[in-house]
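Enquirer: The amino acid sequence is not available; the structure is as follows:
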């Protein structure tokens, strides 16, 4: 198992550009989520999904879109990047239902800089 | 979900036990205590969790006070590779919207 895979690991954007951060997991987890981590702040939830076709907003959803067309993939889209979106982004997944212990499995992160 | 309070930093000598405290005085009866750690620039890694009873696994032990208002994560024989930020989180397992509130954690430095 590769676990949770995020691409790209590093990205530099100019203000106003768009891009998609990719997240894929091979553990058949129903729940997937995106967090951002900024200096001096804890991880903050952006969006999450409890299964294909179902997404919901987290604590800081503005400026980000998500979709969940398959169980494996949960891309995060920045439609018009802003310097305030400079951050490290983490994707995390876990099972739901009877196999859920609450443990989240994280990717290695994507470091985004918006100039 | 309840909030937690942790010391911002701690030091520990290599080979000694590292005891990381966490206060969660507003924890509800159905909320679990989770511990994660984040080694520099990597994704957080799950360590252990518990509800009422003390728990132990291959990585650590979790001691929860009887009133459940605080807990301690114990790394029995800390190594240099245990240098990381440790997060204590409480969350409810009720429903599907199980969002965690992440604080700043404790930065543990294991010294040779």
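Expert: Structure received. Please read these numbers as outputs of a predicted model, since none were measured by experiment.
Enquirer: Now for chain B, the helix or strand with the poorest mean pLDDT.
Expert: Of all helical and strand segments in chain B, the minimum by mean pLDDT, DSSP states H and E falls on strand B:84-92, at a mean of 91.
Enquirer: ok, and what's touching the very next helix or strand once past that strand?
Expert: Next along the chain after strand B:84-92, taking DSSP states H and E as the criterion, comes strand B:106-111. By C-beta atoms under 8 Å, 6 or more residues apart in numbering or on different chains, the surrounding residues in contact with strand B:106-111 are B:6-14, B:18, B:20, B:78-86, B:88. (C-beta placed from N, C-alpha, C; glycine too.)
Enquirer: so how far is strand B:106-111 from its chain's centroid?
Expert: The chain centroid and the centroid of strand B:106-111 are separated by 13 Å under C-alpha atoms, centre = their mean, to the nearest Å.
Enquirer: Name the strands paired with it and say parallel or antiparallel.
Expert: strand B:9-13 (parallel), strand B:84-92 (antiparallel) (DSSP bridges).
Enquirer: In JSON lines, list those strands along with mean neighbour count.
Expert: Below are those laid out as JSON lines (neighbours: other C-beta atoms under 10 Å in any protein chain shown):
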{"stretch": "strand B:9-13", "mean neighbour count": "14"}
{"stretch": "strand B:84-92", "mean neighbour count": "22"}
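Enquirer: re the thing from before, list the contacts of the least confident helix or strand of chain B.
Expert: A:42, A:102, B:1-4, B:6, B:20, B:22, B:24, B:27-28, B:30-40, B:44, B:47, B:71, B:73, B:98-108.
Enquirer: Excluding sequence neighbours, find me the nearest residue to the residue sitting nearest the centre point of chain A.
Expert: Geometric centre of chain A, nearest residue: residue A:34, 2.7 Å, by C-alpha atoms, centre = their mean. On the basis of C-beta to C-beta, 6 or more residues apart in numbering or on different chains, the spatially nearest residue to residue A:34 that is not a chain neighbour turns out to be residue A:46, at 4.4 Å.
Enquirer: Now the phi/psi pair for that neighbour, please.
Expert: phi -100, psi -60 (degrees, to the nearest 10).
Enquirer: Might you report the residue contacts of it?
Expert: Residue A:46 makes contact with A:33-36, A:58-61, A:64, A:66, A:76, A:89, according to C-beta under 8 Å, 6+ apart.
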